[in-house]
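1. fold the following.
(4 chains, ligands or ions: 12)
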Amino acid sequence: MTDVELPETPLLDELEKGPWPSFVKEIKRAAIEQEKAMKAGKKIKLPGAAKGLLKVLELAYKEKRTHWKHGGIVAVVGYGGGVIGRYCDLEDKVPEVWHFHTMRINMPSGWFYQTKALRAICDAWEKWGSGLTNFHGSTGDIILLGTRTEYLQPMANALAYLDKLYGSPAPFDIGGSGSDLRTPSACMGPALCEFACYDTLKACYEFTMRYQNELHRPMWPYKFKIKCSGCPNDCVAAKARSDFAIIGTWKDEIQIDQEAVKEYAKVIDIEKQVVKKCPTGAISWDGKELKIDNRECIRCMHCINVMPKALKPGKERGATILIGGKAPFVDGAIIGWVAIPFIPENELIEKCCEVLEAIWEWWDEEGKFRERVGELIWRKGMDEFLKVINQKADVRMVYAPRNNPFIFWRELNQ
Amino acid sequence: MTDVELPETPLLDELEKGPWPSFVKEIKRAAIEQEKAMKAGKKIKLPGAAKGLLKVLELAYKEKRTHWKHGGIVAVVGYGGGVIGRYCDLEDKVPEVWHFHTMRINMPSGWFYQTKALRAICDAWEKWGSGLTNFHGSTGDIILLGTRTEYLQPMANALAYLDKLYGSPAPFDIGGSGSDLRTPSACMGPALCEFACYDTLKACYEFTMRYQNELHRPMWPYKFKIKCSGCPNDCVAAKARSDFAIIGTWKDEIQIDQEAVKEYAKVIDIEKQVVKKCPTGAISWDGKELKIDNRECIRCMHCINVMPKALKPGKERGATILIGGKAPFVDGAIIGWVAIPFIPENELIEKCCEVLEAIWEWWDEEGKFRERVGELIWRKGMDEFLKVINQKADVRMVYAPRNNPFIFWRELNQ
Amino acid sequence: MVAQEVEKEPEETVEIKTDFGPPHYEIMLHPIIKKNYGKWKYHEVVRPGVIKRVAESGDVLYVVRFGSPRLLSVYTVRDICDIADKYSDGYLRFTSRHNVEFFLTDPDKIEPLIQEVQEKLGFPCGGTWDATKGEYGLSNIVHTQGWVHCHTPATDASGIVKSVMDELYDYFTDHKLPALCRISLACCANMCGAVHASDISMVGVHRKIPKIDDDAVRRTCEIPSTVAACPTGALKPDMKRKTVILDKDKCMYCGNCYTMCPGMPIFDPENDGVAVLVAGKISDARYPPQLSKVVVPWLPNNPPRWPEVVQTVKKILETWATHAEKYERIAEWIHRIGWERFFELTGLEFTEKLIDDYKRTPYIYASYRTSAAFRW
Amino acid sequence: MVAQEVEKEPEETVEIKTDFGPPHYEIMLHPIIKKNYGKWKYHEVVRPGVIKRVAESGDVLYVVRFGSPRLLSVYTVRDICDIADKYSDGYLRFTSRHNVEFFLTDPDKIEPLIQEVQEKLGFPCGGTWDATKGEYGLSNIVHTQGWVHCHTPATDASGIVKSVMDELYDYFTDHKLPALCRISLACCANMCGAVHASDISMVGVHRKIPKIDDDAVRRTCEIPSTVAACPTGALKPDMKRKTVILDKDKCMYCGNCYTMCPGMPIFDPENDGVAVLVAGKISDARYPPQLSKVVVPWLPNNPPRWPEVVQTVKKILETWATHAEKYERIAEWIHRIGWERFFELTGLEFTEKLIDDYKRTPYIYASYRTSAAFRW
Ligand code: SRM
Ligand code: SRM
Ligand code: SRM
Ligand code: SRM
Ligand code: SF4
Ligand code: SF4
Ligand code: SF4
Ligand code: SF4
Ligand code: SF4
Ligand code: SF4
Ligand code: SF4
Ligand code: SF4
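-> Numbering: from 1, shown residues only, chains lettered A, B, ... in the order given. Ligands and ions are numbered 1, 2, ... in the order given. This next block holds a predicted model:
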C-alpha cells in the first residue's frame, strides 16, 4: 500500500490509534487506493482529492480552525438543491481540494441496500469524486464528499443511469438541500420491527416520490423535513429532527399474551421493571396475570419494549403528527408538538399529503425568509394553523391549557 | 331599622338571600345606620353615600357594566399614594357618590387587632366616609371605600391622630398605591404558627418602617410588592403576589419526635399519607421509626403539615427570596423565581434591605414605565440581575439549565 | 370665614403628620400570643373552624375562624369588636383570605361564640382544614372590587362570590374536600385577586375592542403612553388627528389601554363575562407552584346570581372532590389523570381558545425555579 | 472540439433525467425480510450486537450490528459489500445512527462474521441494547462535518467522535449501561447533529464576535438579509459605507450572519470550543421528550484528541451509569435526584452562563405537547 506517498499528518495520525474505527484511516485509504487505481489504469477524474483533504485537515488541526469557505451556488441541470458547494481557502497550497462540493443522494427508505447498488455507487464515485462518503448524512442521505464543479453533472448522470452504466438494481436520484423538502427518512419499521404501527418505508417512499419537485427545487422560505417513525420509540428522532414527524401509535388496547408474560416472569422482575416504571401506573401484575388499564395507558411503549414477546400495540393503529421539530436557529430548538393526535393507518398517507400541501401553501405565502414552519406557527398562532390544516383543537395538542385569559375573539370583532 | 328609606334594588336584593354573609346587607346596613346616626346627632359628613352606592350598583347589575370612572390624581398632603380616586359617571342621577375615592390604610403586620383600634377606625370612617370598608384589600390594606376629595385630608388626619382623637392604641398611616412600594404583608408567622422559620411580623414591620418614603411617594417605574411567609406553605401567597417574596425555610435536618410519630400512627396511615406523598421519596417508616433522608428532602413541608406535633423544620433556619411575582400584564403572569436560595435568619432583614435597595436603584434607572421588576430581569437577563444584587449563580435558581448554547461571553469581547 | 373656622373639626386643625407607619404589631397581640410568640409547639383542628394551638409553655389557645363578606360596614365591624371583647379579650385578627378569627382560652366558650356570631353577624364558622386527617374545608374567596368600585371590571366581584359561596356553603362549614382548594376571583385581567395561581379562579374578561372616543382621547389621554401600554402592539398613534388607531386583529381586549386612557372604554354588557381557570397552586407542598390554566374561556354575565359561573365552579370542585386522592390538589389530580380526563370528567369543552397564543412571556421563564424546594 | 468529443465519458452524453426518485425499498430488502414484512413477532438480544428476530411465520433472522466511522472510503464500502455477499446474501443496511447491519439466517455464522468484520474492517460488533434485561450498550455518535467539510464549525466532528468512542469503546461492545444513552455531536450551533435532544451532546461554540471585513461584505453579501439573520438584533445596516455594524453586547456568536455573509467570519482558534449538554430525550418511553440542557458552557479545542471534552463526557456517562436505576435515562435520573445533585456528583460547576437568557422562544411552547403520549 505504501508506494503512494502521503503528506505528513502527525496530528491526524494520532486519530489512527485506538480501537474505534478511524476516519483518518478512511481518508488515507482513499488517498492511497485511488492513486493506485489510477496508476492501474482506472479512470479517476479527481486523483489527489483525499490527499488534499489530509493536508487541509492537518492544518485545521494545527490551527484549530476550518479552511472551508462558503459554497456559492453549484448545482446540476434541472435541480436547485442536492449539492453543497464548498471551496478551500488554501487554493494555492492545496489546489486538489480547491473545489470540494458535496452531493446528497437520496437513500432508499430505511437505509436498506443490495450490495450491487452500493458497489455501483462506489464505482461511480471513485471515478468522479474524492472516493469519500458518509453513510449517511444526518438527514439520512448518502453523502458523497468532495468533487469539482465540472464533475457534478457527470456524477449525477452516473447515478441517474446507475443501473445501465454501473449495474445497480436501480438508479439513484439527488436528495434535498437548501430551502426545499429535505430527503424524507424512515425507521426500519415493518421491515424488521414488530412494533411498527404503520408502514414507515412505504410512507417515506410515497412522500419522496410524490414530492420530487419540492425535493429538488428549493422555492420555500426555508428547509422542511419529514421523518417517519413506526412507533413512539421514534428511532429516527423525528420528533426533534423533522418539521413534520409521523409517529406510529394505536388507540385501542395493548395486546397481551399472558403465557409469554409468565415466561418473562421467570427471567425478569415484572413488578420492578414493568409495573413500577409505567408512567401512569396503568399496569398491575399478580404473578399470574398482567392487567393493563388501557384508559390510563398513554402508549409510551415501555412495557412493550421490555416484553416484546408478550405485549403488542393494539389493533387500531395509525399515527400522530408532530409539527415543527428543528434545531435552535432562530427562535430556539423545537421538539415538534402534536398537530394531529391520530390518523388511522388506512388514511395516513393521503391525509398527510393533504395536510402537507396545505401547510406548504400557507408557509409559502406567510413564512418569512429562513423561517421554519414551527416558528411561523408560533408567530401566527395555533388557531390559524389549525384552520390551515382543517383540524379541530384537541386537548392532546397541549400539555396544559393556556395560563392567561388574553384570548382572541376575532369573530366578535369583525 | 326600616324608618330609613332605601332605593329599590330588586336585583341586589337577590343577594341578600342564601346562607353566606351578604355584602348587600352590609351596604344597606351602612345606608340605614349612618342616616340614623346622623339623625341622632352624630357628625356624619357623607350621609347617603352607601345609599348612592346601592343605586349605582343596582344599575350596574341591570346594565351589566360598571358606572365608575377613572380617578385622576387625588391625594393627601405629603403623600403621593394611598388613595384611589374614583368618580361616578351618573353624576346627575346619583350625586351622593359622584366622588367615591378609596383610602388604603396600612394594616398592622399579620392583620392582628385590638378592638380599640378597630372601633376608632370605624368611628372616624363613619364620620368622614361612606361607612363601608374592606377587611382587607387583597394587597392587605384596610380599605376605606368611598369618600369625597375634601374629606380625604381630614380622614387621613383622623387616622394620624387616631390615638389622640379616637382612643386607638396607636395611629394608623396610609398604605401604598401607584408606582410605589405597596404595603408589605406577612403571614401570622411566629404569632400563631409553629412552622414559622423566621419572624414574619417583625420583618414586615421593619421593611414598612424603613421604607416609609418609598411607600408613600410613588417614584418608580411601577408598583413593587413585598410579602413575608414564614415557611414554604406560603400563606400570604407571596410567591405569586409579590415582586419580592420572602419564604421561610431551613437547611439542616427536619426535627423528629419519634414518640409523637407513633401517636399519629394510631390515627392516620403514615405510609399512605406521608411516606407515599413525599415528592422525593425521602421518608421511610417501619412502624416504629420514621426516617427522613434529609439529603433527599426538598423541604416541601408536606410531612410536617400532616404531623405537626411530630415533625418540625430544622434548626438552621432562614429564608429563600423569590423575585418577580405578579399578575399577567404586560409580559405574562409570574410566580416569582429564586433569586437567593438561602439567607440565614439572623442576617435576613439586613440582607433583604441591602438587596431591595440595590434592586430599586437598578430598576429605577433601567426600568421602563409600567415595567415590573420581574419583567425588567427578563429583559436584561439574570446575569445582570445577579450582579446588581451581588449574588453568585446557584443551580437552585432554575428548574434546569438552559437548552441552547447561545451564551454571552461579553468579558471576552470588550 | 369666621363662621367656617368655628365649625372646623379637630381633624381639620391638627398638624400634618406623615411617615409614622402602621401600629407596631406587638400592641395588637393577645397576651397569650405575645407570651408564646415564636414558641408554638403544634396545632390540632378541633372541629371545622376551630384550631387548638398548643405552646411549648403548655398554654393553649383556640383560634376560631368565621367567614366574612369582606365588604363590611363599620357597624358590623363594631359588632365584631363587641364579640371579640366578650370572648376574645378584646383581640382578633383577619386571615389572608379575609376571614375573621377570635382567640379563646376556654374551650367551653367555643360553642357559645359560634352561636353568637351566627346569630348576630350571620358569619359561618369554618374555612379551616385538618391536614393530619387529610380533610379540608373550603375557605373564603379572595376577590376584588368589581362594580362596587372599579372602573375596569368585566364583571362584578362580590355578587359572584356571594353566589358561589352560597352554593358551596357546606364545604366551608365542613371538612369535605380531599385537599386544599383555593378559589379566587378578579373582575378584570389586571387580576387584583391574584387568580393566576389558584386552584379555581374566575376572571372577568372583555371580548370587544375598546371604543375609541377620539374627542375624549384628545382631552384626557397621553397618546405615547397609551400606545406603549398595549401589550400586543395593536395601537398606533395618529398624530394628525391627535388620537390613536386600533388594529382590531391584534387586540385581545385586555383593557390595558383603558387603564392609561379614559377615552377608550372597553366594557360591553353583552360580551363581557367570566373565564374560569383551574390548577394553580402556591405552596411548595408535594408539587411545585403552578400558574392557573384557562378551562372555560367565557361565561356570560348573568346577574344577580351568575348561575353559569356558579354551576361551572361547582361542577369542577365536585368532580375533583369525587375523584381526587387525599392531599391531591386540583393541579396534582390533573397531573395524575391527565388533562384529557379532566375535560372528559367535567364535561367542559376544549377548544382552540384554550391553546396559548400569548407570546410575550419568554420561554426562559419555563426554566426558572418558582419554588423554595431544593436539595442542599 | 472534435478531440474533446471523442474523450467524452458515457456520463457526459446521456440524456438528463430528473425526478425519478430513490430506488424502491422493496428491491433492497433481504428475501426473508420481504417475506416477513410487517409480520415480525418479537426480537431477542442474543449478545451485544446481535438481535434475533422471529417472524410469525417462524422464520428467524439474526441482525448483526457493527460500529462505523461513518466517513467511509468507497474501498471500505466495497469491503463491507464483500462481507455482505458472503454472509448476508448480498443485503445489508445502515441504522439511523450510522451503524452497519448484516442479516444472517444461520446462527453459526455469527461468530465468523464478527471475526471477519473485526479483522477486515476493524468495526466492532455492538451498539445494541437489551430492553428486557434492562442492559444497554452505547451506540454510535450521530455527528456532522466539522473541519472535514464545513465552513462554520467551531470544532471538528469526526476527531472528537473518534476520541470519545475510543474511550467509551467497551460501552459499545458490551451492555453495561442502565438505560439508553444517546450521544450526539454538532460542530456548530446549527446543530446538524441534532444534539438538541440527546442524552449527552457536544456542540461547537464560538465565543468571539464575527470579524467584519467591510470589503468582503460589500463584495459578497446581501446586507438586508444578513441583518435580518441575526436573532438578537445585533446587526444594523450601515447604508453609507455599504456594510453592517455590530453591537458587540448583543452578539451571542451564533454565526447565523456568517451563514448569510462570507464577509464576517466568526472562527477564532483560541476561543472556539465545545459546550456539553445533557438530559435530552426523544422517545416517549416512560418520560416525555426533553430538550438537552447545557451543563458545560465551554471546553477548549484541544486537537487531536480533545482530552477535556472526552473526560467530561466520560465523567457524565459514568456518574450516571453508577447512580441510575434500570431504564432511567439521564433526563429521568436527574428528574429523580435533582439538578443540585447532578452538579455535585459530576463535579461540574453551575455558573450564570447556564441560566437561560435566550428570549426568542415564546413561553407558549412550554404548553405544547411534544409527545404522542396521550389518553383516549
Ligand atoms: C390563617 C392563614 C395565615 C394567615 O396569616 O392569615 C393560614 C393558616 C394556616 N395555614 Fe395556610 N393559612 C392561610 C392561607 C394560606 C394560603 C394563601 C391563600 O390561600 O391565598 C396558602 C397557599 C395556597 C396555595 O398553595 O395556593 C396556604 C397554604 C397552606 C398549606 C399548604 C397546603 C397544601 O397542601 O398545598 C398548609 C399546610 C397544611 O395544609 O397544613 C397551610 C397550613 C396552615 C396552618 C395549618 C399553619 C399552622 O400551623 O397554623 C394554618 C391553619 C390552617 C387551618 O385553617 O386549618 N397553609 N395557606 C391563612 C388562612 C386563610 C383563610 O382564611 O383560609
Ligand atoms: C383594591 C384592590 C382589589 C381589592 O378589592 O382588594 C385593587 C384594586 C385595583 N387595582 Fe390591583 N388591587 C388590589 C390588589 C392587587 C393585587 C393582589 C395583591 O397585591 O396581592 C394584584 C396582583 C399582584 C400584582 O401586583 O401583580 C393587583 C394587580 C393590579 C394590576 C396589574 C399589575 C400587573 O403588573 O400586572 C393593576 C393595573 C395597574 O396597575 O394599572 C391593578 C390596578 C388596580 C386599580 C388601581 C385599577 C386602576 O387601574 O385604577 C384598582 C382600583 C380598584 C378600586 O376602584 O378601588 N392592580 N392588584 C387590591 C388592593 C387593596 C389593598 O391595597 O390591599
Ligand atoms: C436500528 C434502529 C432503527 C433504524 O431504523 O435504524 C433502532 C432499532 C431498535 N430500536 Fe430504537 N433504533 C434506532 C434508533 C433509535 C433512536 C434514534 C437515535 O438514537 O437517534 C431512538 C430515540 C432516542 C431517544 O429517545 O433519544 C431510539 C429509541 C428506542 C427506544 C426507546 C428507549 C428508551 O428507553 O427511551 C426503544 C425501546 C427499547 O429500548 O427497546 C427502541 C427499540 C428498538 C428496537 C428494539 C425495536 C425492535 O423491536 O427492533 C430495535 C433494536 C434495538 C437494539 O439495538 O437492541 N428504540 N432508537 C436505530 C439504531 C440506531 C443505532 O445504530 O444505535
Ligand atoms: C451534512 C449534514 C451534516 C452531516 O454531516 O450529516 C449537514 C450539513 C450542513 N448543514 Fe445541516 N446538515 C445535516 C443535517 C442537519 C440536521 C439533522 C437532520 O436533518 O436530521 C439539522 C437539525 C434539524 C433541523 O433541520 O433543524 C440541521 C440543521 C442545520 C441548520 C439549522 C437549521 C435551523 O432551522 O435551525 C443549518 C443552517 C442553515 O440552514 O443555514 C444547517 C446548515 C448546514 C450546512 C449546509 C451549512 C451551511 O450553512 O452551508 C452544512 C453543510 C456542511 C457541509 O459542508 O457539507 N443545518 N442539519 C447533514 C445533512 C446530510 C444529509 O442530507 O443527510
Ligand atoms: S420507531 Fe418503533 S417501529 Fe420504528 S424501528 Fe423504532 S421501535 Fe421499531
Ligand atoms: S405503554 Fe407505557 S403507559 Fe401504557 S401501559 Fe405500557 S408502560 Fe404504561
Ligand atoms: S406560611 Fe408557614 S409559617 Fe406562615 S402561617 Fe403559613 S404555615 Fe405558618
Ligand atoms: S418536607 Fe417534603 S420533601 Fe421533605 S421529607 Fe417531608 S414530605 Fe419529603
Ligand atoms: S381586577 Fe380589575 S376590575 Fe377588578 S379591582 Fe382590580 S383593576 Fe379593578
Ligand atoms: S385592549 Fe389591550 S390589546 Fe386591545 S388595544 Fe387596548 S391595550 Fe391593546
Ligand atoms: S453543525 Fe454547523 S459546522 Fe457542523 S456541519 Fe452543520 S452547519 Fe456545518
Ligand atoms: S454571530 Fe449571531 S448574534 Fe452575532 S451578529 Fe452574527 S447573527 Fe447576530
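
2. so who does A:Leu12 touch?
-> A:24, A:27, A:54, A:57-58, A:61, D:304 (CB atoms under 8 Å, 6 or more residues apart in numbering or on different chains). Using the backbone N, CA and C atoms, a C-beta is placed for each residue, glycine as well.

3. element containing it, please.
-> In this structure, A:Leu12 sits in helix A:10-14 according to DSSP states H and E.

4. what's downstream of that helix, the next helix or strand?
-> Next helix or strand after helix A:10-14 toward the C-terminus (DSSP H and E): helix A:23-39.

5. can you tell me if whatever helix or strand comes next after that next one touches chain D.
-> Counting by DSSP H and E, the next helix or strand C-terminal to helix A:23-39 is helix A:49-63. Yes: residues of helix A:49-63 contacting chain D under CB under 8 Å from any CB of the partner chain: A:50, A:53, A:56-57, A:60-63.

6. for those residues, give me a markdown table that also has pLDDT and distance to D:Ile282.
-> Below are these laid out as a markdown table (pLDDT from 0 to 100; distance: CB to CB, whole Å):
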| residue | pLDDT | distance to D:Ile282 |
| --- | --- | --- |
| A:Ala50 | 97 | 35 |
| A:Leu53 | 98 | 33 |
| A:Val56 | 98 | 35 |
| A:Leu57 | 98 | 32 |
| A:Ala60 | 98 | 31 |
| A:Tyr61 | 98 | 32 |
| A:Lys62 | 98 | 37 |
| A:Glu63 | 98 | 36 |
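
7. rewinding a little: and of the contacts of A:Leu12, the nearest to ligand 4?
-> When these are compared for distance to ligand 4 (CB to the nearest ligand atom), A:Leu57 wins out at 13.1 Å.

8. quick check, that closest one in contact with D:Val148.
-> Yes: at 6.3 Å, A:Leu57 counts as touching D:Val148 under the criterion of CB atoms under 8 Å.

9. ok, these two, which is more surrounded?
-> Comparing A:Leu57 with D:Val148 by other CB atoms under 10 Å in any protein chain shown, the one with more neighbours is A:Leu57, at 29 against 26.

10. that one and ligand 6, how far apart?
-> From A:Leu57 across to ligand 6, the span is 46 Å (CB to the nearest ligand atom, to the nearest Å).

11. and the residue nearest the centre of the chain?
-> No chain specified, so I'll use chain A. A:Thr139 (3.4 Å; CA atoms, centre = their mean).

12. sorry, I should have been clearer: chain C.
-> C:Val142 (2.0 Å).

13. touching, that one and B:Thr139? I think so.
-> No: applying CB under 8 Å, one finds C:Val142 not in contact with B:Thr139, separated by 11.0 Å.

14. select the longest helix from the chain.
-> Picking chain A for this. Counting residues, the longest helix found in chain A (DSSP state H) is helix A:348-366.

15. chain C was what I was after
-> Per DSSP H, chain C has its longest helix at helix C:307-323.

16. which of the residues in it are classified as buried?
-> Of the residues in helix C:307-323, C:308-310, C:312-313, C:316-317, C:319-321 count as buried by neighbour count, 16 or more other CB atoms under 10 Å in any protein chain shown.

17. cool, and stretch A:143-157?
-> When burial is assessed from 16+ other CB under 10 Å, stretch A:143-157 yields the following buried residues: A:143-148, A:151-157.

18. for that stretch, measure first residue to last.
-> End-to-end distance for stretch A:143-157: 16 Å, by CA to CA, to the nearest Å.

19. that stretch near ligand 11 at all?
-> No: shown here: stretch A:143-157 not in contact with ligand 11 (CB under 6 Å from any ligand atom), separated by at least 10.7 Å.

20. do stretch A:322-333 as well
-> No: Stretch A:322-333 is not in contact with ligand 11 by CB under 6 Å from any ligand atom; minimum separation 8.4 Å.

21. can you give me the end-to-end span of that stretch?
-> By CA to CA, one end of stretch A:322-333 lies 14 Å from the other end.

22. and it, is it in reach of ligand 3?
-> No: between stretch A:322-333 and ligand 3, judged by CB under 6 Å from any ligand atom, nothing touches; the nearest distance is 12.6 Å.

23. ok, and the closest non-adjacent residue to whichever residue of the stretch 201-350 of chain C sits closest to ligand 7?
-> When scored by CB to the nearest ligand atom, the stretch 201-350 of chain C has C:Ser283 as its residue closest to ligand 7, at 8.3 Å. Nearest residue to C:Ser283 in three dimensions, chain neighbours excluded: B:Asn233, at 4.8 Å (CB to CB, 6 or more residues apart in numbering or on different chains).

24. tally of neighbours for the one you found?
-> The local packing of B:Asn233 (other CB under 10 Å) involves 23 other residues.

25. pretty sure it is touching B:Ile304, no?
-> No: contact between B:Asn233 and B:Ile304 fails when scored by CB under 8 Å: they sit 9.1 Å apart.

26. and the angle for the helix or strand that contains A:Asp123 with helix A:23-39?
-> In this assignment (DSSP H and E), A:Asp123 forms part of helix A:115-128. Orientation of helix A:115-128 against helix A:23-39 (axes from the mean of the first three to the mean of the last three CA atoms, to 10 degrees) gives an angle of 70 degrees.

27. what is the mean pLDDT for helix A:115-128?
-> For helix A:115-128, mean pLDDT is 98.

28. next SSE after that helix?
-> Later in the chain than helix A:115-128, the nearest helix or strand by DSSP H and E is strand A:132-135.

29. just the CA trace of that following strand, in CSV.
-> Provided in CSV are the C-alpha atoms of strand A:132-135 (Å, rounded to 0.1, in the frame of the first residue of the first chain):
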residue,chain,number,x,y,z
LEU,A,132,-15.0,9.6,0.3
THR,A,133,-18.5,9.2,1.5
ASN,A,134,-20.7,9.4,4.6
PHE,A,135,-23.0,6.5,5.1
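
30. ok so, going back, closest to ligand 1 among the contacts of A:Leu12?
-> Ligand 1 lies nearest to D:Pro304 out of the contacts of A:Leu12, by CB to the nearest ligand atom, at 56.2 Å.

31. quick one: neighbours of residue 208, just the number.
-> All of this refers to chain A. When counting by other CB under 10 Å, one arrives at 26 neighbours for A:Thr208.

32. please go with chain C instead
-> C:Lys208 has 17 neighbours, counted by other CB under 10 Å.

33. who's in contact with the residue lying closest to it once chain neighbours are set aside?
-> Using CB to CB, 6+ apart and skipping residues adjacent in sequence, the residue nearest C:Lys208 is C:Asp268, 4.2 Å away. With contacts defined as CB under 8 Å, 6+ apart, C:Asp268 is in contact with B:65, C:206-208.

34. give me the secondary structure label for residue 164.
-> I went with chain A, as the question did not name one. Each residue gets one of three states, and A:Lys164 gets helix by DSSP: H, G, I helix; E, B strand; the rest coil.

35. not quite, I wanted chain C
-> helix.

36. pLDDT value on it, please?
-> So, for C:Val164, pLDDT stands at 98.

37. tell me the contacts of it?
-> Shown in contact with C:Val164 (CB under 8 Å, 6+ apart): C:141, C:183, C:202, C:309-310, C:313-314.

38. list the buried ones in the longest helix of chain A?
-> Residues A:348-349, A:351-352, A:355-356, A:358-360, A:362-363, A:366 are the ones in helix A:348-366 that count as buried (16+ other CB under 10 Å).

39. ok, now stretch A:286-300?
-> The neighbour-count check on stretch A:286-300 (16+ other CB under 10 Å) flags A:290, A:292, A:294, A:296-300 as buried.

40. that one close to ligand 5?
-> No: figure legend: stretch A:286-300 not in contact with ligand 5 (CB under 6 Å from any ligand atom); closest approach 11.6 Å.

41. noted, bye for now.
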